[in-house]
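Peer 1: My questions are about this predicted structure, shown below with the sequence.
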Amino acid sequence: MAVVTAIAAPAAGPPNVLKRALLIAAASRLGVFVTAVVATYLFHLGGALQRSRAPHAALPFAGVAAHLVNAWGNWDGAWYIRIAEHGYAAADNTAAFSPLLPLCVRGLGAALGGEYLIAGILIALAAYFAALVVLYRFVALDLGPHVAFWSVVFISVFPTAFFFQAVYTEAPFLLLTLSCVYWSRKARWWPAGLAGLLAVLTRTSAVLLVVPMAVYYLQQRGWRWRRADRRLAALALVPLGLALWIVYLATAFGQPLLFARAQGHWRRGLVFPLVTPWRAAETAVDGARQVLSGQSAHAYFPIQPGGNVIGTAIENLTAFVLLVGVVALFVYGLRRLPLAYSTWTLLAAGYPLFFPGRYVPLSSYARFVLVAFPLFVAVAVLCERRPRLRAALLALFTGGLIALTGMFAVYAWVA
């Protein structure tokens, strides 16, 4: 993957630029797979650690095959595989996971003879590459092929980009949200609405897509509501996805908001969004004190029982640095990117702030912002005339991707 740090700026026409971007993305996927295999061989997973995984069905392979694929069913992937195999239940917190991905895994897994993990990996990779094509074409419409190329590269080597091939919703969600805003940009409202509906069935937070859709709809009508027509109804397809999920939960379990209640299992609660950055800043300062102290006998911050003090300190510190970077890119994007881009950045990157973690306020934030694609467009624009900054960021991103992939592969908590 380090090869991406030496990529020269593309000079060919749009078709060749897209092909080149996809080749780089493919190289990054190969590098991620190799990193995971090496990590599982170097840091062999003992039986006790394997038994701690929940649910256990995410470890279907043994021997060499285990090193090749088992890692991609870790953490949330295990839950999606379990749901694909056994469905939802009211008492096991599975309703916290939206239905589209496990439905797809179940369908393809059945066709593959019950290999649900393999099915999940294939779905993630197919969605990832399709998303990159949409991302390139979308950005090229507004900012040209050069920025589109680098947007694809930066999102492919971001430190948490390994989730694009895990049994997680990152890749399908990116594809569907991109498709929604791309078709909105092209005034194809019914495909946009359908993509939004499917995105909500992938993650309920996608209901916020109605906002960038409305921005495009009004822009195309000179910001005059009186020019609205029947195509405005396409925006209603997005919340319809949430309604379908609620109706299913009400019918199956008599609990229409079960998906929200189940989130409590992961120690997340609703707060005013400005509270989260403040708490994140406090824990970042405490995390810096912890690291500088060089000791783990005493924690400067509340920590989960049995948790790793230094590891949690580093997580809090780096998560806050990431949040600062996200805010800076959002402000930069307000001046340099189309309004709908910045709108989606605010919503996609801001929504997790409503639901902080108990011990790590920005827990999983590095994964959540992975699908806020305008952030990577902003990075591409920022680096357009700054090749040294671009090279530095590519090296930083790639190094982080290798490190976090290795950690994830051996079942360390990453995001």
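Peer 2: Received it, and whenever you're ready, just let me know what you need.
Peer 1: For this protein, give me the ranges with low pLDDT.
Peer 2: For the chain, applying pLDDT under 70 flags the ranges 1-15, 44-60.
Peer 1: Please repeat the previous calculation with a cut-off of 80.
Peer 2: Screening the chain residue by residue with the criterion pLDDT under 80, one finds the ranges 1-15, 43-63, 264-269, 297, 305-306.
Peer 1: ok, which stretches of the stretch 51-200 of the chain are helices?
Peer 2: Secondary structure of the stretch 51-200 of the chain, counting by DSSP state H, counting those that start in this stretch: helices at 64-69, 76-86, 100-111, 116-157, 170-185, 189-200.
Peer 1: Is it possible to get JSON lines of those that adds mean neighbour count?
Peer 2: All C-beta spots, glycine's among them, are computed from the backbone N, C-alpha and C. Supplementary listing: those in JSON lines, determined by neighbours: other C-beta atoms under 10 Å:
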{"stretch": "helix 64-69", "mean neighbour count": "15"}
{"stretch": "helix 76-86", "mean neighbour count": "22"}
{"stretch": "helix 100-111", "mean neighbour count": "19"}
{"stretch": "helix 116-157", "mean neighbour count": "22"}
{"stretch": "helix 170-185", "mean neighbour count": "25"}
{"stretch": "helix 189-200", "mean neighbour count": "24"}
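Peer 1: between the ones you listed, which one is nearest to residue 344?
Peer 2: Among these, helix 170-185 comes nearest to residue 344, with 6.4 Å by C-beta to C-beta.
Peer 1: Export the closest one to PDB, keeping only CA atoms.
Peer 2: Output of helix 170-185 as PDB, limited to C-alpha atoms (Å, rounded to 0.1, in the frame of the first residue of the first chain):
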ATOM      1  CA  GLU A 170     -19.600   1.100   5.700                       C
ATOM      2  CA  ALA A 171     -19.300   0.000   2.000                       C
ATOM      3  CA  PRO A 172     -23.100  -0.500   1.300                       C
ATOM      4  CA  PHE A 173     -23.900   2.700   3.200                       C
ATOM      5  CA  LEU A 174     -21.300   4.700   1.200                       C
ATOM      6  CA  LEU A 175     -22.700   3.400  -2.100                       C
ATOM      7  CA  LEU A 176     -26.300   4.200  -1.300                       C
ATOM      8  CA  THR A 177     -25.700   7.600   0.200                       C
ATOM      9  CA  LEU A 178     -23.500   8.600  -2.700                       C
ATOM     10  CA  SER A 179     -26.100   7.200  -5.200                       C
ATOM     11  CA  CYS A 180     -28.800   9.300  -3.500                       C
ATOM     12  CA  VAL A 181     -26.900  12.600  -3.700                       C
ATOM     13  CA  TYR A 182     -25.500  11.800  -7.200                       C
ATOM     14  CA  TRP A 183     -28.900  11.200  -8.600                       C
ATOM     15  CA  SER A 184     -30.300  14.200  -6.800                       C
ATOM     16  CA  ARG A 185     -27.500  16.300  -8.400                       C
END
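Peer 1: so that helix versus helix 76-86, what angle?
Peer 2: Computed with axes from the mean of the first three to the mean of the last three C-alpha atoms, to 10 degrees, the direction of helix 170-185 lies at 90 degrees from that of helix 76-86.
Peer 1: Does anything pack onto helix 170-185? Which helices or strands?
Peer 2: helix 100-111, helix 116-157, helix 189-200, helix 210-219, helix 339-350 (3 or more C-beta pairs under 8 Å, 6 or more residues apart in numbering; DSSP states H and E).
Peer 1: Turn those helices into JSON lines, columns for distance to residue 20.
Peer 2: Compiled in JSON lines, the helices and strands packed on helix 170-185 are given as follows (distance: least, C-beta to C-beta, whole Å):
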{"stretch": "helix 100-111", "distance to residue 20": "30"}
{"stretch": "helix 116-157", "distance to residue 20": "7"}
{"stretch": "helix 189-200", "distance to residue 20": "27"}
{"stretch": "helix 210-219", "distance to residue 20": "28"}
{"stretch": "helix 339-350", "distance to residue 20": "23"}
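Peer 1: Residue 84 is nearest to which of those helices?
Peer 2: Across the helices and strands packed on helix 170-185, the minimum distance to residue 84, taken as C-beta to C-beta, is reached by helix 100-111, at 4.0 Å.
Peer 1: what angle separates the closest one from helix 170-185?
Peer 2: Using the same axes, to 10 degrees, the direction of helix 100-111 lies 120 degrees away from that of helix 170-185.
Peer 1: Who are the packing partners of helix 100-111?
Peer 2: With contacts defined as 3+ C-beta pairs under 8 Å, 6+ apart, the packing partners of helix 100-111 are helix 76-86, helix 116-157, helix 170-185.
Peer 1: nearest to residue 335, of these?
Peer 2: Nearest to residue 335 among the helices and strands packed on helix 100-111 is helix 116-157; the distance by C-beta to C-beta comes to 13.3 Å.
Peer 1: Apart from its neighbours in sequence, what residue is nearest residue 99?
Peer 2: In this structure, residue 99 finds its nearest non-sequential neighbour in residue 201, 5.9 Å apart by C-beta to C-beta, 6 or more residues apart in numbering.
Peer 1: same thing with residue 157?
Peer 2: Nearest residue to residue 157, sequence neighbours excluded (C-beta to C-beta, 6+ apart): residue 397, at 4.5 Å.
Peer 1: That neighbour: what's it in contact with?
Peer 2: 154, 157-159 (C-beta atoms under 8 Å, 6 or more residues apart in numbering).
Peer 1: and the gap between it and residue 136?
Peer 2: Taking C-beta to C-beta, to the nearest Å as the measure, residue 397 falls 18 Å from residue 136.
Peer 1: now the host helix or strand of residue 237: how far from the chain's centre is it?
Peer 2: Under the criterion of DSSP states H and E, residue 237 resides in helix 237-253. Centroid separation for helix 237-253 versus its chain: 23 Å, with C-alpha atoms, centre = their mean, to the nearest Å.
Peer 1: Send me the next helix or strand after it as CSV with only the CA atoms.
Peer 2: Once the chain leaves helix 237-253, the next helix or strand it forms, by DSSP H and E, is helix 258-262. Backbone C-alpha positions of helix 258-262 (Å, rounded to 0.1, in the frame of the first residue of the first chain) are rendered in CSV as follows:
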residue,chain,number,x,y,z
LEU,A,258,-36.7,-1.6,19.6
PHE,A,259,-33.8,-0.5,17.4
ALA,A,260,-33.2,2.6,19.5
ARG,A,261,-33.6,0.8,22.8
ALA,A,262,-31.1,-1.9,21.8
